[in-house]
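**Student:** next input, structure requested:
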Amino acid sequence: MRITVLGAGSWGTALAYLLARNGHQVKLWNRTEEKAAQLRHDRENKLFLPGIELPAEMEIGSGYEMTSGIDYLIFAVPSNAVPENTAAIVPYIDPGTVIVNVAKGFAPNSQKRLSEVIRELIPGHPVLTLSGPSHAEEVALNLPTTVVIAGDDAALLQEAQDVFMNDSFRVYQNTDQIGVEVGGAVKNIIALGAGILEGLELGDNARAALMTRGLAETKRLGVAMGAKAETFSGLAGLGDLIVTCTSTHSRNFRAGWEIGRGKPWHQVVEETSMVVEGVYATQATYKLAQKYQVVMPITEQLYKILYENGSLQEAMRALMTRAKTAEE
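**Tutor:** Sure thing, here's the model as predicted:
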């Protein structure tokens, strides 16, 4: 297969490396020519994925013409950059090219799912979603990883499985693209909260409660948007939530830890080399909860912390003193 990976962050680089090892003809796109030239020279992404040597035959560049003449286009840019990059490739992408989005979040301003945005801007192209517990650092080291590929075309899902799978990267099919996307986006919010609890030194009990109740509100939102409840018990729900809330590889967990230790979130974001998706997902998800009239107390309190200057202590008090209710 001829494949272009759009985005040379840690995940995009890891996937380009994986796909090249699978025997595909791979191009890696970066948004600036300066960084692309550095990658070509070093054959290593020293900032985002150090220690991984990129194959000499992998083409690396910065022009959107790299999206022409290919079979698969992998969207690995941050969620807030998906709309502008989708619009930019319209003059170049060929009919029939399969698009696989691997970003996790919602579109800024519209709060739409990323597959919706891509379909609207490039109608007629099949759009799949790849998601699940998959830290780039571990994928690049060939450590066992299992994810899902989501869409509504059974034959295409099977083909995409073959494109990505190898003996260390296992891919399951999933027809619930809504659930897979919602799970991937909202888990970043919960991971941010888990990091805050760690920074506040509130213990393992609190983190377990946050993850469990966070999954419950993620499922409520997903079902309201048309997802299947069972999807959130799978890799794109529970699986991704566990790895993101418990690993130091998680930038959202690390950012939350800094916030919990007292650092303003604007400073945390500025000092983080990669995008902290949970910060932006919190705003979008808060608005989606209002739109679909879904109760999401954890998301609401994180929104107040990030966007209304709420205190961490007041957020904890608000969550722990909510009206009595039954578990659901």
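**Student:** for the rest of this, base every contact and every neighbour count on C-alpha atoms.
**Tutor:** OK.
**Student:** mind checking the SS state of residue 310?
**Tutor:** coil (DSSP: H, G, I helix; E, B strand; the rest coil).
**Student:** neighbours around it, how many?
**Tutor:** Neighbour count of residue 310, defined by other C-alpha atoms under 10 Å: 14.
**Student:** for it, list the residues it contacts.
**Tutor:** For residue 310, the contact set (C-alpha atoms under 8 Å, 6 or more residues apart in numbering) comprises residue 304.
**Student:** distance of it from residue 317?
**Tutor:** Distance, residue 310 to residue 317, using C-alpha to C-alpha, to the nearest Å: 12 Å.
**Student:** which residues in the stretch 101-250 of the chain form helices?
**Tutor:** For the stretch 101-250 of the chain, helices defined by DSSP state H, counting those that start in this stretch occupy the ranges 114-121, 136-140, 154-164, 177-200, 204-224, 240-246.
**Student:** now mean neighbour count, distance to residue 87 and mean pLDDT too, for the ones you listed, in a markdown table please.
**Tutor:** Output for those, formatted as a markdown table (neighbours: other C-alpha atoms under 10 Å; distance: least, C-alpha to C-alpha, whole Å; pLDDT from 0 to 100):
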| stretch | mean neighbour count | distance to residue 87 | mean pLDDT |
| --- | --- | --- | --- |
| helix 114-121 | 19 | 6 | 96 |
| helix 136-140 | 18 | 27 | 96 |
| helix 154-164 | 16 | 24 | 97 |
| helix 177-200 | 28 | 21 | 97 |
| helix 204-224 | 19 | 27 | 97 |
| helix 240-246 | 23 | 29 | 96 |
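**Student:** Throw those helices into TSV and include distance to residue 9, thanks.
**Tutor:** Output for the helices of the stretch 101-250 of the chain, formatted as TSV (distance: least, C-alpha to C-alpha, whole Å):
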stretch	distance to residue 9
helix 114-121	18
helix 136-140	9
helix 154-164	18
helix 177-200	17
helix 204-224	27
helix 240-246	17
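**Student:** of the ones you listed, which is nearest residue 43?
**Tutor:** Ranking the helices of the stretch 101-250 of the chain by their distance to residue 43 (criterion: C-alpha to C-alpha) puts helix 136-140 first, at 14.1 Å.
**Student:** centroid-nearest residue for this structure?
**Tutor:** residue 104 (2.4 Å; C-alpha atoms, centre = their mean).
**Student:** from residue 82, how far out is it?
**Tutor:** Taking C-alpha to C-alpha, one finds residue 104 at 10 Å from residue 82.
**Student:** and for residue 282?
**Tutor:** Distance of residue 282 to residue 82, computed by C-alpha to C-alpha: 17 Å.
**Student:** pLDDT weak spots in this structure?
**Tutor:** Along the chain, segments meeting pLDDT under 70 are nowhere present.
**Student:** do that again at 80, thanks
**Tutor:** Where the chain drops to pLDDT under 80, the residues are 273-274, 328.
**Student:** show me where it has strands.
**Tutor:** 2-6, 25-29, 59-61, 72-75, 98-101, 127-131, 145-150, 169-174 (DSSP state E).
**Student:** residues near residue 109, how many?
**Tutor:** Count around residue 109 with other C-alpha under 10 Å applied: 10.
**Student:** and the residue nearest to it when sequence neighbours are not counted, what is it in contact with?
**Tutor:** Nearest residue to residue 109, sequence neighbours excluded (C-alpha to C-alpha, 6 or more residues apart in numbering): residue 284, at 7.8 Å. Contacts for residue 284 (C-alpha under 8 Å, 6+ apart) come out as 106-109, 111.
**Student:** by neighbour count, which of those wins?
**Tutor:** Using other C-alpha under 10 Å as the neighbour criterion, residue 106 leads the contacts of residue 284 with 31 neighbours.
**Student:** now do the contacts for the residue lying closest to residue 39 once chain neighbours are set aside.
**Tutor:** The shortest distance from residue 39 to any residue other than its chain neighbours is 6.1 Å, reached at residue 45 (C-alpha to C-alpha, 6+ apart). Residue 45 sits next to 10, 13, 39, 51-52 when contact means C-alpha under 8 Å, 6+ apart.
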